[in-house]
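K.L.:
Provided below for reference: sequence and predicted model.
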Amino acid sequence: MKQSNRLTEGALFAGIYLVFLIITFFVPVVGFISFFLLPVPYIIYGVRHGLRPSILLFLVTIFLSGLFTSFASIPITVFAGLGGIAIGISIHQNKSPYEAWAGGAAGFAVGFVFIYGVSQWLFQVNWMDEFQSMLETSMDQTKTIIEQFGGAVSMEQLNLLEEQFQQMLYLFPTGIALFGIFFAFIAQWIGFKVLNRIDSNTRLLFPKFKTFRLPTALLWYYFLAMIGMWIFNEQGSLVHQAAVNIYTLTGLLIALQGLSFIFYFAEYKSWSKAVPVIAIFGIFLFPFLFLYPIRILGIIDIGFNLRERLQSDEK
């Protein structure tokens with residue numbers, strides 16, 4: 001009976017996924033929304049039935065994607081399946097929401113790399129070259145605007161600006177990781193909403209942001225990447241690019257930790273809720289002014305367990 005229910009649900013969720021996929025490919029505007037729903041059938045099925053049935057569902061949907069849409073949709077299915085299954089299995093194994101989020105982010109990042117590889121292999125689309133061309137166009141337009149408005153800009157300043165544009169190209173792997181993190185959060189949040197709705201006994205939620213904590217090991221990656229940038233400082237070298245990406249990604253995560261501590265400290269001191277909101281807007285509007293102090297706060301919080309110290313002082 002259990003096996004029969006598993007197969008029935010598998011067929012149902014495969015059909016639901018196929019509907020979302022068709023909408024994504026063939027319905028403008030609505031397809032953008034359905035794109036974020038693609039991992040949800042994998043999440044729900046993974047939570048209910050575990051790893052092996054989820055892999056079977058994954059293989060079936062890959063076959064159906066090529067059969068009912070086109071072979072171009074198979075990489076999208078791989079992307080949605082890897083991330084969705086990672087989230088679903090993590091919840092099935094009673095891991096914390098943040099652990100499920102991390103697993104989903106890794107799955108979506110790997111799926112994105114798969115899309116990148118397939119598009120380059122089958123369709124001869126080199127994303128790095130396209131991105132490089134886009135940056136060069138933006139650089140030329142920036143120079144033109146400066147010249148039109150009579151800006152007195154030296155060659156050194158223009159070279160610095162060009163280096164910053166080039167740095168954006170180096171950070172392409174970081175962009176993939178950040179996209180995976182963002183997409184995993186959205187997919188998991190939707191998955192939680194659906195699971196809570198279809199099962200009244202289920203209560204899946206992200207913990208309050210003030211409880212967000214990163215492992216201490218992340219600090220080591222951050223500082224090792226910083227040292228690697230100093231030692232291997234040759235622009236364009238593989239080691240330097242790897243160090244820059246690790247440093248940037250871990251630095252952003254540590255800043256997230258610092259922002260979480262601001263939420264915690266604001267509640268601890270009974271401050272207005274406007275304080276953490278101002279910090280968020282400050283990061284987006286004035287990143288060079290707010291990001292680094294908040295990152296330092298995150299480093300201190302991770303390295304010296306500020307929250308535990310505040311709790312112990314309270315006792």
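P.N.:
Arrived safely, thanks for sending.

K.L.:
going forward, measure contacts and count neighbours with C-alpha atoms only.
P.N.:
Will do.

K.L.:
helices of this protein, residue ranges please.
P.N.:
2-26, 30-35, 40-49, 51-68, 74-92, 97-122, 127-148, 155-170, 172-198, 217-231, 238-268, 274-285, 287-304, 306-314 (DSSP state H).

K.L.:
check which helices and strands the first one sits against.
P.N.:
Think helix 2-26. helix 30-35, helix 40-49, helix 51-68 (3 or more CA pairs under 8 Å, 6 or more residues apart in numbering; DSSP states H and E).

K.L.:
hang on, the earlier thing: closest to F209 out of the helices of the chain?
P.N.:
helix 238-268 (5.9 Å; CA to CA).

K.L.:
now do the closest one against helix 172-198, angle only.
P.N.:
Taking axes from the mean of the first three to the mean of the last three CA atoms, to 10 degrees, helix 238-268 and helix 172-198 form an angle of 40 degrees between their directions.

K.L.:
as JSON lines, the helices and strands packed on helix 2-26 with mean neighbour count would be great.
P.N.:
Shown next, in JSON lines, are the helices and strands packed on helix 2-26 (neighbours: other CA atoms under 10 Å):
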{"stretch": "helix 30-35", "mean neighbour count": "16"}
{"stretch": "helix 40-49", "mean neighbour count": "25"}
{"stretch": "helix 51-68", "mean neighbour count": "18"}
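
K.L.:
compare these and give me the one nearest P207.
P.N.:
helix 40-49 (18.7 Å).

K.L.:
contact partners of the closest one?
P.N.:
Identification of contacts with helix 40-49 by CA atoms under 8 Å, 6 or more residues apart in numbering yields 6, 9-10, 13-14, 16-17, 53-54, 57-58, 81, 84-92, 187-188, 190-191, 195.

K.L.:
that helix: how far from the chain's middle?
P.N.:
20 Å (CA atoms, centre = their mean, to the nearest Å).

K.L.:
nearest spatial neighbour of I55, skipping sequence neighbours?
P.N.:
Among residues not flanking I55 along the chain, I85 sits closest, at 8.0 Å (CA to CA, 6 or more residues apart in numbering).

K.L.:
from F79, how far off is A184?
P.N.:
11 Å (CA to CA, to the nearest Å).

K.L.:
of those two, who's got more company?
P.N.:
A count of neighbours by other CA atoms under 10 Å puts A184 above the other of A184 and F79, at 29 against 23.

K.L.:
and that one, what does it touch?
P.N.:
Counting by CA under 8 Å, 6+ apart, A184 touches 83, 101-102, 104-105, 108.

K.L.:
closest to F114 out of those?
P.N.:
Lowest distance from F114 to the contacts of A184 (CA to CA) belongs to F108, with 9.6 Å.

K.L.:
leaving out sequence neighbours, find the closest residue to the closest one.
P.N.:
G83 (4.5 Å).

K.L.:
just give me the neighbour total for L38.
P.N.:
Neighbour tally, L38, other CA under 10 Å: 24.

K.L.:
need the contacts of A184 in TSV with distance to G180, neighbour count and pLDDT, can you?
P.N.:
Below are these laid out as TSV (distance: CA to CA, whole Å; neighbours: other CA atoms under 10 Å; pLDDT from 0 to 100):
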residue	distance to G180	neighbour count	pLDDT
G83	8	32	95
W101	10	28	94
A102	9	20	93
G104	8	33	94
A105	4	28	95
F108	5	30	95
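
K.L.:
what is the nearest of those to Y268?
P.N.:
Distances from Y268 to these, taken by CA to CA, are shortest for W101, at 26.4 Å.

K.L.:
so that closest one sits against I181, correct?
P.N.:
Yes - with contact defined as CA atoms under 8 Å, W101 counts as touching I181 (7.4 Å).

K.L.:
show me the contacts for M128.
P.N.:
L169.

K.L.:
tell me how far it lies from S119.
P.N.:
12 Å.

K.L.:
quick one: residues contacting the residue most central in space within the chain.
P.N.:
Taking CA atoms, centre = their mean, the centroid of the chain lies closest to I181, which sits 1.6 Å from it. By CA under 8 Å, 6+ apart, the contact list for I181 reads 101-102, 104-106, 108.

K.L.:
closest one to S65 out of the residues you listed, please.
P.N.:
F108 (18.0 Å).

K.L.:
pretty sure that closest one contacts T77?
P.N.:
No - in this structure, F108 is not within contact of T77 by CA under 8 Å, at 10.8 Å.

K.L.:
coming back round to it: ok, the residue nearest to I55 touching S54?
P.N.:
Yes - look at I85 against S54 with CA under 8 Å: they come within range, at 6.6 Å.
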